[in-house]
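J.: the following comprises the amino acid sequence and a computationally predicted model.
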Amino acid sequence: MNRNAVIEKVVWGFLCCLMALSLAILVFVLAAVIAKGLPAIDWEFLSQVSRNFGAAGGILYQTLGTLILMAGAVLVSLPVALGAALLQTEYLRSERIKKTLRHLIYSLNGVPTILFGLAGYMIFGVYLEAGVSWLTGTLILAVMILPTLQVSIQEAIEALPEKYRDAGTALGLTPWEMVRSVILPQSIFGIVTGVLLGLARAAGETAAIMFTATTFSGILLPQTWTDPVPTLQTHILILAQEALSPQAIANAWGAGLVLLTLVFVLILAAHYFRGRIPMESER
Amino acid sequence: MAFISLATVVMLFAFLVQQSLSVIAAEKWNFLFGLDWWAGETYGALPMIYGSLMVTGLALILVLPLALGGAVFTSEYLPARYRLWIKGLMELFAGVPGIIYGLLGVALLGGWVKNTFGLIDGNTLLTAALLLGIMVLPTIMTLAEDALHAVPGQYRDTAFSLGLMKWQVVLSAVIPKALPGIAGAVFLGLGRAMGETIAVMLVIGGLDKIPDPWFNVFASGQSIPSKLGREAAEAIGTDLQWSALMALGLTLFLMVMILTFMGNFFLKRAQ
Amino acid sequence: MNSHPFPLAVECCDASVSYNGKPVLEKISVGIPEKNVTGVIGPSGSGKSTLLRTFCRMNDRVPGFWVQGQVRVGGDEIYADDVDVYQLRRKVGMVFQTPCVFPTSIFENAIFGLKRLFPHLKKEFSTKGEQALREAGLWEEVKDRLHKPAVTLSLGQQQRLAIARSLAIDPEILLMDEPTSALDPKSSQAVEELILALKTRHTIVLVTHNLAQARRVADRLIFLREGKIWEAGTTEELFNSPAMPETRAYLAGHGDFA
């Protein structure tokens, strides 16, 4: 009996240590970014444009650039994701087709993002002649975040209690009226969740845009469709490679903290909205 | 429109195949097994394939005890309300951008590896693997936890009713039942690690060579994504070098797809 | 009511059970005689399963679970501080509503508990496993495919395998929580026959919804309603001359004599 209790305690302690170590490592990452980034951030840093290749000045254009790419990607991706999700949930009733498609969506999510960058550059940048530009970056990110959006939207629509659809059908609604007046309003939180997660994914992406949407000297905001755009991600990348300049590294941490805050706020908001999706069990 | 995802994957694949034809014609098998990569002369991808497998495998070894221990602790020992906190935290950390890890690697981890192991250069395969391990830790932990949590309570009840102790119940009833799901989690995490570009690119050292001896993880190396990230911008517009990079991309695509499909296969079997 | 002619395997005195302050069982006093089949009947939500789980402390893991009063197994108070709950559960086996087999072979399932509780008996695993499978009436059906996955068995066979798994560690008392409700009539019959065969060596407490089954299998019955024992006695007494109108109504109204 004593031996049992000892083994039990040892196992518990061992697992607890692993858990604590995991948490400690992750919290250390967060703490490092905050500790190193906070000193660099003040109003000037946020509101000024960068000078001396980022070693001085602020990150205003970079922040705006990241926001432009994020917003653009979602604007392009949302209609497509919404259409695909509706088609799949409302018209493709076969379980097997649905499963295969879901499988593919997850696989698409697993594709290394740099491949999206390479292929996207050739397709949008070269064949469609958009060049190294914010438009190319937006389109690449739009394709990249498509699965994230579609899965969230689809899950919300599928979680809709059948009684709403029954009620709609009983009223004689056409499929389009059903979508517009029943499905979409009821799954709005799922759509918001998908959009927020898509924004977070786009904001965190560097590999796919580093040579497709930005040039290393491009520190101005785009004026035309085919201008490159500065972003926080690539800004950090450039500064991080100047590892010998303390000021550059300090500014990289500052930009890193801003980026991380942006991503975390988006994920937390997504978490909040997902909690409000009415689930099947609450029928 | 529902087939957009399929179309994207197929198009990407076809695109990579088409773009890599000329280097395959020029190099034949030497592309896969060649040890040297000199832009403009010869394109051997083995060092990059080696680097990708090495950092991914090493990352897995480093992260697995932490991720699985944490998953078991969260699912089996932690009270339910703490569990939700941990899950939320892991979801948050899974979203930390790769560039943040890259910065961390450059500014802190590289120096730490250099000093701890007395190296001349902190940019090594080990540094990249450590960084990747930290990166995929939340993903693997939360997916493995899902698999454990999904084991029906009756398996625990049954094992408890036989008089087994908690650790025996967990080890012999819960974990075997959750194994397919755990395997799925690990494969998906591996796929993510193998495809990561930025964080690896900044700390792996960028040396297109297999170290001597091959298991020397304190040497610099090169993974496929980091090679792509380093060279793509300069290779744009060239003929054979671009094609060689595309062939590298194709190799990466196939390796990651295998991992992803294995992951999906196990996760599906777990349901 | 407490004057049984037999020695008691389980005995409750004023036992009350609550979850998070919500009472589920109130002031239960009952004795369960040895080497008998005691049926527990009553409407859904009357606390039948909770009563059963109380006997082997299965609810310890449920947060907010609270027991008052006395519950004795083999004369020993099981909710005392120094009780080894794992020893208790070896003595008191339990079989659940839906058959639950582990993702391993038939034989490994049969010796699942044995292997982990008594690793030093390794040499006896094969004989003890066979013995348990024989006792559960499953041996003839599975002896040629002992190393096939247990999920290849039919549900009825899986349930008997679950019973064999409990028998392998030789419990004195076997608790069965609606063991046939997920099975087809033929498998149910096999399990019922098994229960009758087992009572020569084991004390069995059987929760059932099926009154015909209770009548066929149980020697004594406990009628539970709204967390209280309304009536307990021999099966004959309850079916032929119930003392309480509620018992009469339940036995008449829910006559599921399938």
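T.: Yep, that arrived.

J.: ends of stretch C:230-238, how far apart?
T.: One end of stretch C:230-238 sits 11 Å from the other (Cα to Cα, to the nearest Å).

J.: can you point out the buried residues in it?
T.: C:230-233, C:235, C:238 (16 or more other Cβ atoms under 10 Å in any protein chain shown). Placement of C-beta: from N, CA and C, glycine included.

J.: also stretch B:146-158?
T.: For stretch B:146-158, a neighbour-count test (16+ other Cβ under 10 Å) marks B:146-149, B:151, B:155-158 as buried.

J.: export that stretch to PDB, keeping only CA atoms.
T.: What follows is stretch B:146-158 as a C-alpha-only set of coordinates in PDB (Å, rounded to 0.1, in the frame of the first residue of the first chain):
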ATOM      1  CA  ASP B 146      -7.300  15.900 -27.600                       C
ATOM      2  CA  ALA B 147      -6.600  12.200 -28.400                       C
ATOM      3  CA  LEU B 148      -6.200  11.200 -24.800                       C
ATOM      4  CA  HIS B 149      -9.300  13.300 -23.700                       C
ATOM      5  CA  ALA B 150     -11.400  11.600 -26.400                       C
ATOM      6  CA  VAL B 151     -10.900   8.100 -24.800                       C
ATOM      7  CA  PRO B 152     -14.300   7.300 -23.400                       C
ATOM      8  CA  GLY B 153     -14.600   7.300 -19.600                       C
ATOM      9  CA  GLN B 154     -15.700   3.600 -19.600                       C
ATOM     10  CA  TYR B 155     -12.100   2.500 -20.400                       C
ATOM     11  CA  ARG B 156     -10.900   4.300 -17.300                       C
ATOM     12  CA  ASP B 157     -13.800   3.000 -15.300                       C
ATOM     13  CA  THR B 158     -13.200  -0.600 -16.400                       C
END
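
J.: is chain A within reach of it?
T.: No - with Cβ under 8 Å from any Cβ of the partner chain as the measure, stretch B:146-158 is seen stopping short of chain A, the closest distance being 11.8 Å.

J.: and the average pLDDT for that stretch is what?
T.: Stretch B:146-158 comes out with an average pLDDT of 92.

J.: now look at that stretch and say if it contacts chain C.
T.: Yes - counting by Cβ under 8 Å from any Cβ, chain C has neighbours in stretch B:146-158: B:152, B:154-158.

J.: where does residue 165 sit, in terms of helix or strand?
T.: Let's take chain A. helix A:162-170 (DSSP states H and E).

J.: switch to chain C, please.
T.: Judged by DSSP H and E, C:Arg165 forms part of helix C:155-168.

J.: does chain B have contacts with that helix?
T.: Yes - between helix C:155-168 and chain B, judged by Cβ under 8 Å from any Cβ, the touching residues are C:162, C:165-166.

J.: burial count for residue 250?
T.: All of this refers to chain A. Close neighbours of A:Ala250, defined as other Cβ atoms under 10 Å in any protein chain shown, add up to 17.

J.: I was after chain C.
T.: 23.

J.: need phi/psi at it.
T.: phi -70, psi -50 (degrees, to the nearest 10).

J.: so which of the buried residues of stretch C:230-238 belong to helices?
T.: If you go by DSSP state H, the buried residues of stretch C:230-238 have C:235, C:238 in helices.

J.: from chain A, how far off is the closest residue to C:Asn36 other than its chain neighbours?
T.: Leaving aside its sequence neighbours, C:Asn36 sits nearest to C:Asp219 (Cβ to Cβ, 6 or more residues apart in numbering or on different chains; 4.6 Å). Separation of C:Asp219 from chain A (Cβ to the nearest Cβ, to the nearest Å): 35 Å.

J.: C:Val71 falls within a helix, correct?
T.: No - C:Val71: not assigned to a helix; according to DSSP: H, G, I helix; E, B strand; the rest coil it is strand.

J.: contact partners for it?
T.: By Cβ atoms under 8 Å, 6 or more residues apart in numbering or on different chains, the contact set of C:Val71 is C:10-12, C:15, C:54-55, C:77-79.

J.: filter the residues you listed to the buried ones?
T.: For those, a burial check counting by 16+ other Cβ under 10 Å picks out C:10-12, C:15, C:54-55, C:78-79.

J.: out of those residues, list just those in strands.
T.: Of the buried ones among the contacts of C:Val71, the ones assigned to strands by DSSP state E are C:10-12, C:15.

J.: reformat these as TSV; add distance to chain A.
T.: Output for these, formatted as TSV (distance: Cβ to the nearest Cβ, whole Å):
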residue	distance to chain A
C:Val10	22
C:Glu11	24
C:Cys12	25
C:Ala15	24
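
J.: near chain B too, which of the residues you listed?
T.: With respect to chain B, and counting by Cβ under 8 Å from any Cβ, no part of these is in contact.

J.: quick check, nearest of these to B:Val200?
T.: C:Ala15 (62.4 Å; Cβ to Cβ).

J.: could you check whether stretch B:124-131 is close to chain A?
T.: No - if you take Cβ under 8 Å from any Cβ as the test, stretch B:124-131 misses chain A, and the best it gets is 9.8 Å.

J.: closest one of the contacts of C:Val71 to chain B?
T.: C:Phe55 (10.7 Å; Cβ to the nearest Cβ).

J.: wait, what's in contact with the closest one?
T.: Taking Cβ under 8 Å, 6+ apart as the contact definition, C:Phe55 lies against C:10, C:71, C:73, C:78, C:92, C:173, C:175, C:205.

J.: closest to chain A out of the residues you listed?
T.: Closest approach to chain A among the contacts of C:Phe55 (Cβ to the nearest Cβ): C:Ile78, at 14.5 Å.

J.: where exactly do the helices run in the stretch 101-250 of chain B?
T.: Taking DSSP state H, counting those that start in this stretch as the test, the helices found in the stretch 101-250 of chain B are B:110-116, B:125-149, B:153-161, B:166-169, B:175-195, B:198-203, B:224-235, B:240-270.

J.: circling back to that earlier point, which ones among the buried residues of stretch C:230-238 also lie next to chain A?
T.: Answer for those near chain A: none qualify (Cβ under 8 Å from any Cβ).

J.: just the pLDDT for the spatially most central residue of chain B.
T.: The centre of chain B sits closest to B:Ala193, judged by Cα atoms, centre = their mean, with a distance of 2.0 Å. pLDDT recorded at B:Ala193 is 93.

J.: ok, it to C:His202 distance?
T.: Using Cβ to Cβ, to the nearest Å, B:Ala193 is found at 54 Å from C:His202.

J.: contacting residues for the residue nearest to the centre of chain B?
T.: B:Ala193 touches B:55-56, B:59-60, B:132-133, B:135-136, counting by Cβ under 8 Å, 6+ apart.

J.: coming back round to it: I'd like to know which elements the helix holding C:Arg165 is packed against.
T.: Packing contacts for helix C:155-168, counted by 3 or more Cβ pairs under 8 Å, 6 or more residues apart in numbering or on different chains; DSSP states H and E, involve helix B:153-161, strand C:92-95, helix C:106-110, helix C:112-117, helix C:125-135, helix C:139-142, strand C:173-177, helix C:185-198.

J.: okay, the ones you listed in TSV with distance to A:Asp42 next?
T.: TSV is the format used below for those (distance: least, Cβ to Cβ, whole Å):
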stretch	distance to A:Asp42
helix B:153-161	53
strand C:92-95	65
helix C:106-110	66
helix C:112-117	62
helix C:125-135	72
helix C:139-142	75
strand C:173-177	66
helix C:185-198	75
